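In: the following block contains a protein sequence and its predicted model.
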Amino acid sequence: MRISWRIRIGLTLLHHLFLTGNTATNIKLFAKLFNMFRPLRGAGLVKRGTILSYLSVFLSRSLSTRQKLEISTHHYAFLQAVFSAEQLSALFNEGIEFYAEQNSSDPLNILLVHSPAYIYEGPCALTFNVNGTEYARISFMTAPGYLFGLDDLSVFYISCMQKKHSEEGTSKITHVNSIHPVTTLLKVLKAFGSAHGIDKCIAVAAENQLSYIPGREDYDYFFSLYDDFWLSKGGSVLGTDYLLPFPLVQKPILDIKQTHRNRIRKKRTKLQQIHNAVYNRFKH
């Protein structure tokens, strides 16, 4: 027997709002998020049942229902505060272009997108695209700092990193600036944050990431993709995740082999150019 959407919504609300503790707080937060979604639904940008995604397995294994609802309400309030109606429409459709290079045989652009297909690992993502094909993404939401013991009004919560693994993908990415795409995306996120007073990230640990499965054979790779990477960028343990401050840590130029220094300087100059372009576009 097919269960109607009304019954499905009712069962989801019963479980996550009433049976997980903090019932009164959860109901208030859900009502706030529901009202925040009204203009988005009215504009046809989100579907009726989308809000249920924010109650179940969502964003991180370490977050409670209350925390997920607080992050969600904070995030959508932030989006509606910093983007115009036209930009919001673009975000929920083709995406907002943050950066583009058209002066090569493989044009690059970086988009901020809202992806229903990836909503459980974070509905908003910066994507690294070459010739219209996505090769990397960082999924994140904007969260209130107090949830993580910080005084910041807002921080970014990075919940997922993905990079395409293929010979074609590697050659395309290498051809464009010779910079790791995730490093480029973090630089863009830093610039966007700087334009809006955000200078810290909470970065998900491998064991809290939703794609992690205990006992998976590629655990070492998965761990290196998250925990080791955050530490290499200057991250420090914060609770069960990592605190990643901006600007990201860079190896001192004198610690780099002399034969590599010019190449590293060029990469860093390019990253700063990208940062400045994004910052100037979104600064108040």
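Out: Yep, it's here. Numbers count the residues shown, from 1 in each chain.
In: what helix or strand does N35 sit in?
Out: Element membership for N35, per DSSP states H and E: helix 23-42.
In: for that helix, which helices and strands make contact with it?
Out: Applying 3 or more Cβ pairs under 8 Å, 6 or more residues apart in numbering; DSSP states H and E, one finds that helix 23-42 contacts helix 65-82. For glycine as for every other residue, the C-beta is placed from the backbone atoms N, C-alpha and C.
In: hey, what's the angle from the helix it packs on to helix 23-42? Just curious.
Out: Taking axes from the mean of the first three to the mean of the last three Cα atoms, to 10 degrees, helix 65-82 and helix 23-42 form an angle of 30 degrees between their directions.
In: please tell me how far helix 65-82 is from the chain's geometric centre.
Out: 13 Å (Cα atoms, centre = their mean, to the nearest Å).
In: same thing with stretch 118-133?
Out: Counting by Cα atoms, centre = their mean, stretch 118-133 is centred 9 Å from the centre of its parent chain.
In: list the buried ones in that stretch?
Out: 118-130 (16 or more other Cβ atoms under 10 Å).
In: with stretch 215-231 instead?
Out: In stretch 215-231, counting by 16+ other Cβ under 10 Å, buried: 222, 225-227, 229-231.
In: same deal with stretch 50-68?
Out: For stretch 50-68, by 16+ other Cβ under 10 Å, it's 51-55, 58-60, 63, 65-68.
In: quick check: Q162 is in a strand.
Out: Yes - Q162: assigned to a strand according to DSSP: H, G, I helix; E, B strand; the rest coil.
In: my guess is it meets A136, correct?
Out: Yes - with contact defined as Cβ atoms under 8 Å, Q162 counts as touching A136 (6.5 Å).
In: the helices in the stretch 101-250 of the chain, which residues?
Out: 167-175, 181-195, 219-223, 229-232 (DSSP state H, counting those that start in this stretch).
In: chain neighbours aside, what residue packs nearest to A43?
Out: S89 (6.9 Å; Cβ to Cβ, 6 or more residues apart in numbering).
In: quick one: the strands in the chain?
Out: Using DSSP state E, the strands of the chain run over residues 96-101, 108-114, 124-130, 133-143, 155-163, 200-203, 236-238, 241-245.
In: the fourth one packs against which elements?
Out: Counting by 3+ Cβ pairs under 8 Å, 6+ apart, the packing neighbours recorded for strand 133-143 are helix 65-82, strand 124-130, strand 155-163, helix 167-175, helix 181-195.
In: tell me which of these lies nearest to L238.
Out: strand 155-163 (10.3 Å; Cβ to Cβ).
In: partners of the closest one in the sheet?
Out: strand 133-143 (antiparallel), strand 200-203 (parallel) (DSSP bridges).
In: the lengthiest helix in the chain: which residues count as buried?
Out: Across the chain, the longest stretch assigned as helix under DSSP state H is helix 261-282. Residues of helix 261-282 classed as buried: 267, 270-271, 274-275, 278-279, 282 (neighbour count, 16+ other Cβ under 10 Å).
In: go on, stretch 89-96?
Out: 89-92, 95-96.
In: name the residues that touch it?
Out: 40, 43, 45-46, 79, 83, 87, 111-114, 124, 127 (Cβ atoms under 8 Å, 6 or more residues apart in numbering).
In: now those as TSV including distance to L186?
Out: Shown next, in TSV, are those (distance: Cβ to Cβ, whole Å):
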residue	distance to L186
L40	28
A43	31
L45	27
V46	27
L79	20
F83	21
Q87	22
L111	15
L112	14
V113	17
H114	20
C124	15
T127	13
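In: quick one: which of the residues you listed is nearest G235?
Out: For the contacts of stretch 89-96, the nearest to G235 is C124 (20.6 Å; Cβ to Cβ).
In: next one: the closest one, what pLDDT does it get?
Out: The model reports C124 with a pLDDT of 94.
In: quick check: it touching P116?
Out: No - counting by Cβ under 8 Å, C124 does not reach P116; the two are 11.6 Å apart.
In: quick revisit: tell me the most buried of the helices of the stretch 101-250 of the chain?
Out: helix 181-195 (a mean of 22; mean count of other Cβ atoms under 10 Å).
In: and it, what does it pack against?
Out: Against helix 181-195 (3+ Cβ pairs under 8 Å, 6+ apart) you get strand 96-101, strand 108-114, strand 124-130, strand 133-143, strand 155-163, helix 261-282.
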